[in-house]
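**Student:** Got a predicted model here, sequence first, then my questions.
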Amino acid sequence: EAGVAQSPRYKIIEKRQSVAFWCNPISGHATLYWYQQILGQGPKLLIQFQNNGVVDDSQLPKDRFSAERLKGVDSTLKIQPAKLEDSAVYLCASSSTRNTEAFFGQGTRLTVV
Amino acid sequence: AQSVTQLGSHVSVSEGALVLLRCNYSSSVPPYLFWYVQYPNQGLQLLLKYTTGATLVKGINGFEAEFKKSETSFHLTKPSAHMSDAAEYFCAVSDAAGTASKLTFGTGTRLQVTL
């Protein structure tokens, strides 16, 4: 079974630029998460999708972050404009409605300079 | 609201020694509890989880953890450390009554294994 795929693995941008990350969850998984992991901290949930609908985006900085999952499969997370404090690893995870386990991708490491 | 506290951001043990990583949680509803491991430049891999039933759960790579409701703890142990166990370990909690896979993580414990 293929795992959660994320791209790119690494991205370096200048502050005030925009960036987008892509996630392809495990086939058949209805629930998709984006987490932000700042160096030295645990992952923090940004947004949760159930199929193509947003279930929880309470911790998403909506003035600069946006995410979509238009067809209920792939998802894109965008930052515009980026700030230095957005430097982090962005992790995508997915789970099935019958499973308590979330499966994580390898993450995208973003460096904002 | 749920939260997780991991005592000790860095733990160092000798190869062959006991590994003990501490995790305490706070939850107003019955929790599901997880331990994940993260190797450098990798995603998170599930080590073990407690949902219901037996409070002593066994996971991969010889790790186990015990859910103690009275102590609100879920400490991770391994009888004998191996060099390959060096990694970052995260304890996490989710809401058994809500979305069980939606996780709140602790800040992590980096395990160092020395010869």
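**Tutor:** Structure received.
**Student:** ok, now which ones touch A:P43?
**Tutor:** Contact analysis of A:P43 by C-beta atoms under 8 Å, 6 or more residues apart in numbering or on different chains lists A:Y35, A:Q36, A:Q37, A:L91, B:L44, B:F90, B:L103, B:F105. Just so you know, the C-beta spots here come from the backbone N, C-alpha and C atoms, and that holds for glycine as well.
**Student:** what about the spatially most central residue of chain A, which helix or strand?
**Tutor:** For chain A, A:W34 is the residue whose C-alpha lies nearest the centre (C-alpha atoms, centre = their mean; 3.1 Å). Secondary structure assigned from DSSP states H and E places A:W34 in strand A:31-37.
**Student:** pLDDT at the residue nearest the centre of chain B, what is it?
**Tutor:** Closest to where the C-alpha atoms of chain B average out (C-alpha atoms, centre = their mean) is B:W35, at 3.2 Å. Here, the pLDDT recorded for B:W35 equals 97.
**Student:** quick one: it from A:F65, how far?
**Tutor:** 29 Å (C-beta to C-beta, to the nearest Å).
**Student:** circling back: hmm, A:C23 and the residue nearest to the centre of chain A touching each other?
**Tutor:** Yes - A:W34 lies in contact with A:C23 (C-beta atoms under 8 Å); the separation is 7.3 Å.
**Student:** Need the residues touching each of those two.
**Tutor:** A:S75, A:L77, A:C92.
**Student:** Identify the bridge partners of the second one.
**Tutor:** Beta-bridge partners recorded for A:L77 (DSSP bridges): A:F21, A:A67.
**Student:** Tell me how many other residues surround it.
**Tutor:** 23 (other C-beta atoms under 10 Å in any protein chain shown).
**Student:** how close does it sit to B:G98?
**Tutor:** From A:L77 over to B:G98 the distance is 23 Å, taken as C-beta to C-beta.
**Student:** same check, this time on A:Q41
**Tutor:** Distance, A:Q41 to B:G98, by C-beta to C-beta: 23 Å.
**Student:** can you list the residues of chain A near chain B?
**Tutor:** A:4, A:31, A:33, A:40-45, A:48, A:55-56, A:91, A:93, A:95, A:99-107, A:109 (C-beta under 8 Å from any C-beta of the partner chain).
**Student:** hmm, try it at 6 Å
**Tutor:** A:Q41, A:G42, A:P43, A:Q48, A:S95, A:T100, A:E101, A:A102, A:F104, A:G105, A:Q106, A:G107 (C-beta under 6 Å from any C-beta of the partner chain).
**Student:** And the furthest pair within those?
**Tutor:** Greatest spacing in the residues of chain A next to chain B, by C-beta to C-beta: A:Q41 and A:T100 (23.6 Å).
**Student:** between these two, which one's more packed in?
**Tutor:** A direct count of neighbours by other C-beta under 10 Å for A:Q41 and A:T100 places A:T100 higher, at 18 against 14.
**Student:** Can you get me a residue count around residue 9?
**Tutor:** This is for chain A. Under the criterion other C-beta under 10 Å, the count of neighbours that A:R9 has is 12.
**Student:** was after chain B, sorry
**Tutor:** 12.
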